[in-house]
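Enquirer: Sequence first, predicted model second:
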Amino acid sequence: MNIAQQHTQRAAWFTRTLHIAAVLALLACSSCSRIDEEGKVLRLPLRADDPKSLDPVQGSTVYDNKATCQVYETLVQYKYLIRPPELEPLLLSEMPTISEDRLTYHFKLKPGVLFHDDPCFPEGKGRELVTDDVFYSWKRMADNGNNPKSWWLLKDTIKGFDEYREKQNAAVEAKQASFDYDAPVAGMQKINDHEFRVILKQPVQRFMWVLAMFQTAIVPREAVEEYGDRFGRHPVGTGAFTLAEEDWRPGQRMVFYKNPSYHPCYYPTEHMPSDVAAGWTKDAGKRLPLVDRLEFQFFVQDQPMWLSFRTGKIDYTQVPDEYFDEAFLKRTKTLRPKLVREGITTQNVELLDFIFRGFNMEDELLGGYGEKQKKLRQAISLAIDLDEFNEAFYSGINSVYDGPIPPGLEGFPPNGKADISYRGPNLERARQLLAEAGYPEGKGLPRIEFYTSSGRNNVEQTELLKRQLSKINVEINAQIVEFSTLIEKVHNKKAPFFGFAWGSDYPDAENNLALFYSPNAAPGSNSFNYSRPEYDRLYEQIRSMPPSPERTELYIKMRDMVIEDTPYTGSMGRTRFYLINPWLKNFKVTEDFYNWPKYLDVSQRGVYPSEN
């Protein structure tokens, strides 16, 4: 960073600090209670403009996940306090038994689990969850009429399910019949209302992890049929909280209420050794949820979220990148003394994710697998300096690495550096490859359409991207849009070059490698629309393999294949820092799963100490 940039940033920081101090002085309330006449209230941030639907089969983003899993539940869930992640029963009475050949799973549902009370049921009383609900919910993932984003999770998994999907959708398209949810699937076998078997086509290592994902959550048929297109805004589940349509205010907030009929679930007694000192074991054995109301407040921009935290209007915040130096001492990354005196604490988590800028491999200019197309993408990648992005926008706390497999998973390259690499900056090589692609010194190359979401510091990041690419005479036309619009553009294959991030759904590199499996093309998880028959063959092989050195070797081979084809530029793995207000209890940060609000508690909030 040059001297002028440093001076500008210091001036902006000083001005912003004065502004925030003034706002805090005006807004800081005295003795604002978190325990009012409506009981205990959680107020949490949701970093998005608005989830578009809480229909599990239509969900695809972390923001959909955070909201959906408060009202809907899956067969299994992550253990709240255990690291690394492990699964436990949620809607099951016990974990399933699995045959020696890893093909047959025997499930037993937990008795007495009730759907939320809702007018879709007789007399408005929620009924008990049964086996038919499980099969119905999964079949909804196969119905193209639901615009599902999640079919890729169960594709080529359950015996007869792919054939069922093809037959039913073909009948609908031919206008011969409606989608038949009662038609049998060979691998879905009902034993009784509380027991069933699932038979797989082949061993699928990720299957149990998939059953913990919100897209496989269980919904009641009555609600889907009663509310039709409104179902995504009128959720009826079995979860710890309920949500009424009138309590969802688009662009503002969602207000969830404690489910009075929630099935018996308890704060965990199983924990890590360090959890005792952190105070996360004091509520062991208490029935969930611990609060009466949960509010998600939507934030598109960083400043309102930061101010809401500093004035006690939300219980925690992710530390926005532009406010990192206001929260932490630069050299030690420890909390500033002023915040410590206020009782604020901090936690951080290294995410299983990567930030990238993707290419649509079906785009006429940027896509394709010929040498010239590949060299164009490689040249662009070599011109981008991710370390500069890391220092300028993430305080240098993120990790920059090669390939799509993040730190902490098998297949991650040693020290983040693979033998094959097109990580910049290497301007000399970038210019050479650009010339070999047919665009010497950028001549004849059209301006590239680049899509990214508004909010955070994406405008500033896009300006840096422009400056870096201009060094090899590559120009971009930036389209900065709402996140929901970005998702729509990518899902419809209308974004030639786009800024995205992927958070791993479960702790297995297979999940990240699935992003390049051609049957998962948009609107599935393969946002790049990458398609290589050899890659697909390897993916189908590793999907059924148990963890082993041989499987890891295939991970590496697939990783390097993707690096060579360069369907994206990257990667950067995020480390997220959180600040927690002193009245929030039991908050053990994770971004592996999002049904944890039911474990949280709040206490009386006192007066903030003086800002002086």
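Expert: Received, thanks.

Enquirer: Show residues contacting the helix or strand harbouring residue 381.
Expert: Secondary-structure element containing residue 381, defined by DSSP states H and E: helix 371-383. Contacts to helix 371-383, defined as CB atoms under 8 Å, 6 or more residues apart in numbering, come from residues 359, 365-368, 422-427, 429-431, 433-434, 436-439, 445, 468-469, 471-472, 474, 564-567, 569. Where you see a C-beta, it was placed from the backbone N, CA and C, and this is true even at glycine.

Enquirer: hmm, try it at 7 Å
Expert: With contact meaning CB atoms under 7 Å, 6 or more residues apart in numbering, helix 371-383 is reached by 359, 366-367, 422, 424-427, 429-430, 433-434, 436-438, 468-469, 471-472, 474, 565-566, 569.

Enquirer: Next SSE downstream of that helix?
Expert: Taking DSSP H and E, what comes next after helix 371-383 is helix 386-394.

Enquirer: circling back to that earlier point, now the helix holding residue 381: mean pLDDT?
Expert: For helix 371-383, the mean per-residue pLDDT is 98.

Enquirer: and what of stretch 471-486?
Expert: Across stretch 471-486, pLDDT averages out at 94.

Enquirer: Then stretch 169-181?
Expert: Mean predicted confidence for stretch 169-181 is 94.

Enquirer: what about it, start to end distance?
Expert: Terminal residues of stretch 169-181 are spaced 11 Å apart (CA to CA, to the nearest Å).

Enquirer: follow-up on the earlier one: can you give me the offset of the helix holding residue 381 from its chain's centre?
Expert: Averaged C-alpha coordinates place helix 371-383 at 29 Å from its chain's average position (CA atoms, centre = their mean, to the nearest Å).

Enquirer: For the stretch 401-550 of the chain, which segments are assigned as strands?
Expert: Counting by DSSP state E, counting those that start in this stretch, one finds strands in the stretch 401-550 of the chain at the ranges 448-453, 476-481, 497-503.

Enquirer: whoops, I mixed them up, the stretch 1-150 of the chain
Expert: 35-36, 39-46, 76-78, 87-89, 97-98, 104-108.

Enquirer: picking up where we left off before, among the contacts of helix 371-383, which ones are in helices?
Expert: Those of these mapping onto helices are 427, 429, 430, 433, 434, 436, 468, 469, 565, per DSSP state H.

Enquirer: Run a quick neighbour tally on the spatially closest residue to the second one that is not a sequence neighbour.
Expert: What it means is residue 429. In space, residue 429 comes closest to residue 382 once its chain neighbours are excluded; the distance is 5.4 Å by CB to CB, 6 or more residues apart in numbering. When neighbours are counted by other CB atoms under 10 Å, residue 382 registers 25.

Enquirer: Against residue 81, how distant is residue 382?
Expert: Using CB to CB, to the nearest Å, one gets 44 Å for the distance from residue 382 to residue 81.

Enquirer: again, but for residue 155
Expert: When distance is defined by CB to CB, residue 155 is 33 Å away from residue 81.

Enquirer: was I right about residue 193 contacting residue 130?
Expert: Yes. Residue 193 is in contact with residue 130 according to CB atoms under 7 Å; the separation is 4.2 Å.

Enquirer: Give me the more crowded residue out of those two.
Expert: Between residue 193 and residue 130, residue 130 has the larger neighbour count (other CB under 10 Å), namely 19 against 14.

Enquirer: can you list the domains in this protein?
Expert: Domain assignment for the chain, taken from the TED database, gives 41-267, 353-573.

Enquirer: Quick one: mean pLDDT for stretch 492-499?
Expert: For stretch 492-499, mean pLDDT rounds to 97.

Enquirer: Tell me which residues are up against the helix or strand where residue 165 lies.
Expert: Following DSSP H and E, one finds residue 165 within helix 161-173. The contact list for helix 161-173 (CB under 7 Å, 6+ apart) reads 142, 144-145, 154-156, 177-180, 183, 185, 187.

Enquirer: Tell me, please, the helix or strand in the chain that averages the lowest pLDDT.
Expert: The element with the least model confidence among the helices and strands of the chain, by mean pLDDT, DSSP states H and E, is helix 3-27, at a mean of 41.

Enquirer: re earlier: reformat the domains of the chain as TSV; add distance to residue 590.
Expert: Compiled in TSV, these are given as follows (distance: least, CB to CB, whole Å):
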stretch	distance to residue 590
domain 41-267	8
domain 353-573	11
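
Enquirer: Compare those domains and report which one is nearest to residue 579.
Expert: Residue 579 lies closest to domain 41-267 among the domains of the chain, at 11.1 Å (CB to CB).
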